[in-house]
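S.K.: Structure, please.
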Amino acid sequence: MSQQKIRFIINPFSGLSRKKNVPAIIKKNIDTAKFTYDIAFTEYAGHAIELAKQAVAENYDAVIAVGGDGSVNEVASSLIGTKVKLGILPGGSGNGFAMHLGLGRNIKKAVQILNTAKSITIDTCELNERSFVNLGGTGFDALVAYRAKQSTLRGLWAYTKFAMLEAWRYPIEKYKIIIDNQIVEAECLVIEVANAQMFGYNFVIAPEAKFDDGLLDVLLVKKAPKWRYLFSLWRFFNASFHKSSLVESYTGKDIKIIGKKPMPVHIDGEGYYVGEDLHFTVKPLSLEVLVPA
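M.R.: From the prediction side, this is the model:
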């Protein structure tokens, strides 16, 4: 059997620690009888997109994102619709998508998993033509993601800090949500559009989401006294958030969210602002991903 050609794309700035030792971990644990590989380090935001596109053009078999959900997003966006597989070594702080795939949080173990991994095909999504693979949405969690991105803090502490700062002053907004042909008008703290199930740090927000069913799961977290949100946090840890009386759940293939002013949004954990209506779509079975056999 001929060797597979793979590229590791390392984001040296993701997560809470530098990635200087990752090449040594790869060298010690990769199956060189199965793979020939090279390693590239990103130097700026968006560089992983370019490096992954180059790998596609040069007929690599797989590209392995080494970083957090943002790094996975950049690499995956260049592989959608191709035969080049996405692999992940969890090197971020939250690692939500890697955790959902069963890859854990340990880079050494993830390299060993790669040696025997199988390939599955999953759906991918777009928000206003920006690709994502895990979660997207607007509201309180998007604002927290945006604040964390602007900060020098990293990891769970950053999200905790900005969640606490914004919790009592965040204004509940009214939205018009169009799910396929169904119109819902609601005041929401959060609107989550899910391809997969979890944020980082094992926070499961959409336990019924399946990334190979051709559907997006939509969760509306409705307006309520803010203390009620606090007393619902435990549901993130036993995969029951969708059962809360605060939540309405829907599924659809085409989702539009219409607000009254620019909205904070997030895709795969990266927060930013959008000054237009939000349009979510799904691309069924459009990305090959390496997962534990």
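S.K.: Okay, helices next: where are they in the stretch 1-150 of the chain?
M.R.: 22-29, 47-57, 69-79, 96-100, 107-115, 140-150 (DSSP state H, counting those that start in this stretch).
S.K.: any low-confidence regions in the stretch 151-293 of the chain?
M.R.: Filtered on pLDDT under 70, the stretch 151-293 of the chain yields no residues whatsoever.
S.K.: if we go to 90?
M.R.: The model of the stretch 151-293 of the chain has pLDDT under 90 over residues 151-169, 171, 199-203, 226-227, 229-234, 236-239, 241, 260-261, 269.
S.K.: now the helices: where do they sit in it?
M.R.: Going by DSSP H, counting those that start in this stretch, the stretch 151-293 of the chain shows helices at 156-167, 226-230.
S.K.: Can you spell out the domain ranges of this protein, please?
M.R.: 4-116, 130-284 (automatic domain parsing).
S.K.: and among the ones you listed, the most buried is which?
M.R.: Between these, domain 4-116 has the highest mean count of neighbours, a mean of 20, where neighbours are mean count of other Cβ atoms under 10 Å. For glycine as for every other residue, the C-beta is placed from the backbone atoms N, C-alpha and C.
S.K.: end-to-end on that one?
M.R.: 13 Å (Cα to Cα, to the nearest Å).
S.K.: pLDDT averaged over it - what is it?
M.R.: Mean per-residue pLDDT for domain 4-116: 92.
S.K.: Please state the offset of it from the chain centre?
M.R.: Relative to its parent chain, domain 4-116 has a centroid offset of 14 Å by Cα atoms, centre = their mean, to the nearest Å.
S.K.: quick one on the thing from earlier: out of the helices of the stretch 151-293 of the chain, nearest to residue 75?
M.R.: Residue 75 lies closest, by Cβ to Cβ, to one member of the helices of the stretch 151-293 of the chain: helix 156-167, at 22.7 Å.
S.K.: Now do that closest one against helix 140-150, angle only.
M.R.: On the basis of axes from the mean of the first three to the mean of the last three Cα atoms, to 10 degrees, helix 156-167 is oriented at 130 degrees to helix 140-150.
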